[in-house]
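Participant: Quick one: sequence plus predicted model below, questions after.
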Amino acid sequence: NAGVTQTPKFQVLKTGQSMTLQCAQDMNHNSMYWYRQDPGMGLRLIYYSASEGTTDKGEVPNGYNVSRLNKREFSLRLESAAPSQTSVYFCASTDRIFYEQYFGPGTRLTVT
Amino acid sequence: SQQGEEDPQALSIQEGENATMNCSYKTSINNLQWYRQNSGRGLVHLILIRSNEREKHSGRLRVTLDTSKKSSSLLITASRAADTASYFCATDAGMNRDDKIIFGKGTRLHILP
């Protein structure tokens, strides 16, 4: 099992460009999450999907959109990147019963 | 706003000593979890304690939960160099089991040789 995979690992964007971060899990989890991590801020929840077909906003959703494509995949889209979105992005999935979250390796995004 | 807040923000101890980190949260919870993050990597789940539990052990880890004070502590005994990492508490923020999980800002633990 690969667990949670994220692509790409690194990305540099210019202000105003768009991109989609991809996340997939092979653990048959129902819930998936997108977080961003900035120095000194810990992890902040951007969006989550409690089950296939549903998405909900987290703490910092502005400037992002998500798609729960199917049970395995949950993508995060930046329509018009801004320097404030420079961060490390983590995807995670949850076994609903035990609530333990499994994290991907992260995507390091720089917006210039 | 973040649900959990860890204390201290940073901690340096000698190898072999015990390390204690605390987490305070604001609203009632179903579960509280602790995670570890090595530099530049994703978080790894350490332990989960339910709201009706007061203490839980896993290897060198001991977690306590005081729901009346809305606080939890993580104790790592006989610390090792490999324990150097950031530690985060995470709480569910609602009554629905599918609800979101909110992380604190973390404690950076450094084990000195």
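Facilitator: Arrived safely.

Participant: I'd say B:Asp83 and B:Ala19 touch.
Facilitator: Yes: with contact defined as C-beta atoms under 8 Å, B:Asp83 reaches B:Ala19; the gap is 7.1 Å. Backbone N, C-alpha and C define where each C-beta goes, glycine included.

Participant: where do the contact lists of these two overlap?
Facilitator: B:Ile76, B:Leu109, B:Ile111 (C-beta atoms under 8 Å, 6 or more residues apart in numbering or on different chains).

Participant: So which of those residues is the closest to A:Gly16?
Facilitator: Distance to A:Gly16, by C-beta to C-beta, is smallest for B:Leu109 among the shared contacts of B:Asp83 and B:Ala19, at 39.8 Å.

Participant: What residues does residue 107 make contact with?
Facilitator: Defaulting to chain A. So A:Thr107 contacts A:Gln6, A:Thr7, A:Pro8, A:Lys9, A:Phe10, A:Gln11, A:Leu21, A:Val88, A:Tyr89, A:Phe90 (C-beta under 8 Å, 6+ apart).

Participant: You answered for a different chain; I wanted chain B.
Facilitator: B:Glu6, B:Asp7, B:Pro8, B:Gln9, B:Ala10, B:Leu11, B:Met21, B:Ser86, B:Tyr87, B:Phe88.

Participant: Wait, a helix at A:Glu52?
Facilitator: No: counting by DSSP: H, G, I helix; E, B strand; the rest coil, A:Glu52 falls outside a helix, being coil.

Participant: and it, how many neighbours?
Facilitator: Burial of A:Glu52, expressed as a neighbour count using other C-beta atoms under 10 Å in any protein chain shown, amounts to 15.

Participant: Just the pLDDT for the residue lying closest to it once chain neighbours are set aside.
Facilitator: Excluding the flanking residues, the one nearest A:Glu52 by C-beta to C-beta, 6 or more residues apart in numbering or on different chains is A:Lys71, at 4.7 Å. At A:Lys71, the pLDDT value in this model is 95.
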